[in-house]
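# Sequence first, predicted model second:
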Protein chains: 4
Amino acid sequence: MGPGENASPDENIMAYDLGREIAKQGWITLTGGRSFGIMDASLKGAVEAGGLTIGILPGDNDKNSSEHAQIKIVTSMGSGRNYISVLSSHLIVVLGMASGTASEVALALKSRKKIILLNQDEITIRFFKNLGTYNVLLAKTVAETIQHIKEYVGMNQGVGSTDGQD
Amino acid sequence: MGPGENASPDENIMAYDLGREIAKQGWITLTGGRSFGIMDASLKGAVEAGGLTIGILPGDNDKNSSEHAQIKIVTSMGSGRNYISVLSSHLIVVLGMASGTASEVALALKSRKKIILLNQDEITIRFFKNLGTYNVLLAKTVAETIQHIKEYVGMNQGVGSTDGQD
Amino acid sequence: MGPGENASPDENIMAYDLGREIAKQGWITLTGGRSFGIMDASLKGAVEAGGLTIGILPGDNDKNSSEHAQIKIVTSMGSGRNYISVLSSHLIVVLGMASGTASEVALALKSRKKIILLNQDEITIRFFKNLGTYNVLLAKTVAETIQHIKEYVGMNQGVGSTDGQD
Amino acid sequence: MGPGENASPDENIMAYDLGREIAKQGWITLTGGRSFGIMDASLKGAVEAGGLTIGILPGDNDKNSSEHAQIKIVTSMGSGRNYISVLSSHLIVVLGMASGTASEVALALKSRKKIILLNQDEITIRFFKNLGTYNVLLAKTVAETIQHIKEYVGMNQGVGSTDGQD
């Protein structure tokens, strides 16, 4: 999860790398499916590394979505889809920050999902840790993020073998 | 699209066959993802023929969903998810009838989706044709249904090559 | 519940009368809140008779909504809001028919709501009665409709006194 | 907007006072409609001061909702309803903090709604100001909050006269 328009170039590069590494592990990448920012860059990285990608789209058709979203879920809900994105994910990686992204992190905490805050600033970390310390992990790099996910998947074996979204 | 609890044994057999044939064509099967009725039987057929399957789930987690839904979209919207199921499909096949199914056909007509009414009775056909003749096709068998879809995909080439939900 | 663009002039007049009579009974009128058709006409009648009105709006703001919707619930869900309209109503009156309206009747049957089909044709009546006979009532006039509602409210006393949506 | 279970006794008292003062101004109080915490206390205050109240409910019926919600919008969307609560409000007052509340503030910023952070800590204020300074106002007391709203309503005259949710 991460911003669209407001993502920085460095964040987009990191998102691309993250998508690649997720795909290499055989995991699925799911984002809000728009055609720019973290959503697009991570899906692009995943597709180029041979992974499967899902976009949870805001509009009432699949126009203007990321060309790297292979499976397109069309919600017609605008930012209301953020809750679906969160509930449909086994684990959430947060890269970059904007209001939509913040709502996803908050809803993920509400739903007791595991969250990895990747490269976030001190205020953001403290704010979300205050809301649900137990489910918040921190990472500075893509490698650390993948390591966290591996540990999480290891603790939740069985999940990975019964469906396609690990 | 079709009923859960209220599907007849014959309808479930036909749904299983339909899922198989959809998968053999390389198309994706998407249903409401519950663990019984048309939803479950068509996903089972699709998986057993090597296809990719998606369940748009009603609850706020993936428990109690069809074990044959490989990709599970968790909506927490109950029957409100029906609109998402419809919008995320390129074409809708309707097998069996119940109130939830009827809402999906109506929303599909509203969204100008192509609909195939498979093995429906006269009242149902007349009711929905009154609401949108142009988008309603009829079929009596799975083979006829697949033929209709092939013609539709043929008329919409390009769709099939850019994403995974044909 | 009833069509927007596709409502006939006679249906709009009947919707206006229905809104007036609902308001005179002290009941609230809730519709999909758009600025034309049955939605607008019934709200107009209700407001002019001193009633309270609610519009469950499709867009992400309250622009273009009926000027007669006093309370505006902004859903950003398009036709996905139909389920909310249904669940938020104690009883549903259906006047005119189109695909969106049909989805509301189907969802109302799914939710086991009481439904009054006002001035509907034979095919429509038979289709919906097949889906849930017990909850479907028929009426030819506004007066008959109001009589049905009175009987329903009488059987559900207590509902009316504890909240504002009878 | 504010927490349910996690609201402190002091926050609930302040919410009750806030509801009272909102009602005295002739404004409508809208909350997530549950039967405890900030949601319940503010609706209770509003009703006791003669105001109109709306609850945007999470479940698929109106059981277990606050008895002080006069108009009950039944969404069947769980926390997905938070976006509807935000979009249906002209201005959002935030009292107390939890993950669901944080998602509402974030979605309000995303929707460019005016937000008053009432009695929030330094981390919370800094986090949300980073996401959208221009729309975030601060208050320490109910009186200050009402003053902010009056100024906002004054700047948006016409809104107040055309609908019922100011």
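Yep, it's here. Residues are numbered from 1 along each chain as shown, chains lettered A, B, ... in the order given.

# give the contact list for the closest residue to A:G59 other than its chain neighbours.
Using CB to CB, 6 or more residues apart in numbering or on different chains and skipping the chain neighbours, the partner closest in space to A:G59 is A:S76 (6.6 Å). From N, CA and C alone the C-beta is placed, and that goes for glycine too. Each residue near A:S76 by CB atoms under 8 Å, 6 or more residues apart in numbering or on different chains is listed here: A:P58, A:G59, A:D60, B:Y83, B:I84, B:L87, C:M77, C:G78, C:S79, C:G80.

# what about stretch A:118-127, start to end distance?
Stretch A:118-127 has an end-to-end distance of 15 Å (CA to CA, to the nearest Å).

# what about the helices in chain A?
Counting by DSSP state H, chain A has helices at residues A:9-24, A:37-48, A:82-87, A:99-110, A:122-132, A:142-155, A:159-162.

# Tabulate these (a markdown table), appending mean neighbour count.
Output for those, formatted as a markdown table (neighbours: other CB atoms under 10 Å in any protein chain shown):
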| stretch | mean neighbour count |
| --- | --- |
| helix A:9-24 | 20 |
| helix A:37-48 | 26 |
| helix A:82-87 | 28 |
| helix A:99-110 | 26 |
| helix A:122-132 | 18 |
| helix A:142-155 | 16 |
| helix A:159-162 | 12 |
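
# Would you mind checking which of the ones you listed scores lowest on average pLDDT?
Note on those: helix A:159-162 shows the lowest mean pLDDT, a mean of 37.

# which parts of chain A sit against chain B?
Counting by CB under 8 Å from any CB of the partner chain, chain A comes close to chain B at A:28, A:54, A:56, A:60-62, A:67, A:69-77, A:83-84, A:87-88, A:111, A:162-165.

# The same query, at a cut-off of 7 Å, please.
A:54, A:60, A:62, A:70-76, A:83-84, A:87-88, A:163-165 (CB under 7 Å from any CB of the partner chain).

# filter those residues to the buried ones?
Among those, those scoring as buried are A:54, A:60, A:62, A:70-76, A:83-84, A:87-88, A:163-165 (criterion: 16 or more other CB atoms under 10 Å in any protein chain shown).

# Using PDB, list the CA coordinates for stretch A:53-69.
The C-alpha trace of stretch A:53-69 is given here as PDB (Å, rounded to 0.1, in the frame of the first residue of the first chain):
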ATOM      1  CA  THR A  53      -0.800  -9.300  -9.600                       C
ATOM      2  CA  ILE A  54      -4.200  -8.000  -8.500                       C
ATOM      3  CA  GLY A  55      -5.600  -4.500  -8.700                       C
ATOM      4  CA  ILE A  56      -8.600  -3.500  -6.500                       C
ATOM      5  CA  LEU A  57      -9.900  -0.700  -8.700                       C
ATOM      6  CA  PRO A  58     -11.800   2.500  -7.600                       C
ATOM      7  CA  GLY A  59     -13.900   3.100 -10.700                       C
ATOM      8  CA  ASP A  60     -16.800   1.300 -12.300                       C
ATOM      9  CA  ASN A  61     -14.700  -0.100 -15.100                       C
ATOM     10  CA  ASP A  62     -11.100  -1.200 -15.700                       C
ATOM     11  CA  LYS A  63     -10.100   1.800 -17.800                       C
ATOM     12  CA  ASN A  64      -7.200   3.900 -16.500                       C
ATOM     13  CA  SER A  65      -6.000   1.100 -14.200                       C
ATOM     14  CA  SER A  66      -2.400   0.000 -14.100                       C
ATOM     15  CA  GLU A  67      -1.500  -2.100 -17.100                       C
ATOM     16  CA  HIS A  68       0.400  -4.300 -14.700                       C
ATOM     17  CA  ALA A  69      -2.700  -5.400 -12.800                       C
END
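
# Would you mind pulling the contact partners of it?
With CB atoms under 7 Å, 6 or more residues apart in numbering or on different chains as the test, stretch A:53-69 has contacts from A:28-35, A:39-40, A:43-44, A:46-47, A:70-78, A:81, A:84-85, A:88, B:71, B:87, B:163, C:78.

# Name the residues of chain A found near chain D, please.
By CB under 7 Å from any CB, the part of chain A that sits against chain D consists of A:79-80, A:83, A:98-100, A:102-103, A:106-107, A:109-110, A:123-124, A:126-127, A:130-132.

# Repeat the analysis, applying 8 Å as the threshold.
Counting by CB under 8 Å from any CB, the residues of chain A lying close to chain D are A:77-80, A:82-84, A:97-103, A:106-107, A:109-111, A:123-124, A:126-127, A:130-132.

# can you narrow those residues to ones near chain C?
A:M77, A:G78, A:S79, A:G80.

# Would you confirm that the second one contacts D:G80?
Think A:G78. No. Shown here, A:G78 and D:G80 do not form a contact pair, counting by CB atoms under 8 Å, at 11.6 Å.

# These two: who's more crowded?
In this view A:G78 and D:G80 are compared by other CB atoms under 10 Å in any protein chain shown, and D:G80 has more residues nearby, 26 against 22.

# Run a quick check on the more buried one versus A:V86, I expect a contact.
No. The criterion here is CB under 8 Å, and D:G80 misses it with A:V86 at 9.8 Å.

# ok, now which ones touch A:D121?
A:M97.

# And it, what's its pLDDT?
97.

# what's the spacing between it and A:S42?
20 Å (CB to CB, to the nearest Å).

# Mind checking which residue lies nearest the centre of chain A?
A:M1 (3.5 Å; CA atoms, centre = their mean).

# Tell me who's in contact with the nearest residue to that one once chain neighbours are set aside.
Excluding its sequence neighbours, the residue lying closest to A:M1 (CB to CB, 6+ apart) is A:E104, at 4.5 Å. Applying CB under 8 Å, 6+ apart, we find A:E104 in contact with A:M1, A:N82, A:S85, A:V86, A:I92, A:V94.

# Tell me how many other residues surround the fifth one.
Here the count is done by other CB under 10 Å, and A:I92 has 21 residues near it.

# From chain B, how far out is it?
Distance, A:I92 to chain B, using CB to the nearest CB, to the nearest Å: 13 Å.

# Enumerate every residue touching that residue.
By CB under 8 Å, 6+ apart, the contact set of A:I92 is A:M1, A:V86, A:E104, A:V105, A:A108, A:K113, A:K114, A:I115, A:I116.

# Over to the third one?
A:S85 makes contact with A:M1, A:L30, A:T31, A:G32, A:I56, A:E104 under the criterion CB under 8 Å, 6+ apart.

# what's the distance between it and D:I115?
23 Å.

# what does A:V93 give?
From A:V93 to D:I115 the distance is 27 Å (CB to CB).

# same check, this time on A:A139
Distance from A:A139 to D:I115, by CB to CB: 30 Å.

# same check, this time on A:T133
Between A:T133 and D:I115 the distance is 25 Å, computed by CB to CB.

# Pick out whichever of the two has more residues nearby.
Applying other CB under 10 Å to A:T133 and D:I115 shows that D:I115 carries more neighbours, namely 23 against 9.

# Does that one touch D:A139 like I think?
No. Counting by CB under 8 Å, D:I115 does not reach D:A139; the two are 10.7 Å apart.

# residues touching A:K110, list them.
Contact partners of A:K110, counting by CB under 8 Å, 6+ apart, are D:S79, D:A98, D:S99, D:G100, D:S103.

# what's the most distant pair in those?
Within the contacts of A:K110, two members stand farthest from each other by CB to CB: D:S79 and D:A98, at 11.1 Å.

# Mind listing the residues bridging to A:L117?
A:V94, A:L138 (DSSP bridges).

# ok, so of the contacts of A:E104, who is nearest chain C?
Chain C lies nearest to A:N82 out of the contacts of A:E104, by CB to the nearest CB, at 11.6 Å.

# contacting residues for that closest one?
Counted by CB under 8 Å, 6+ apart, A:N82 has contacts A:G32, A:G100, A:S103, A:E104, A:L107, D:Y83, D:S103, D:L107.

# swap in A:A106?
By CB under 8 Å, 6+ apart, the neighbours of A:A106 are A:F128, A:L131, D:S99, D:G100, D:T101, D:A102, D:S103, D:A106.
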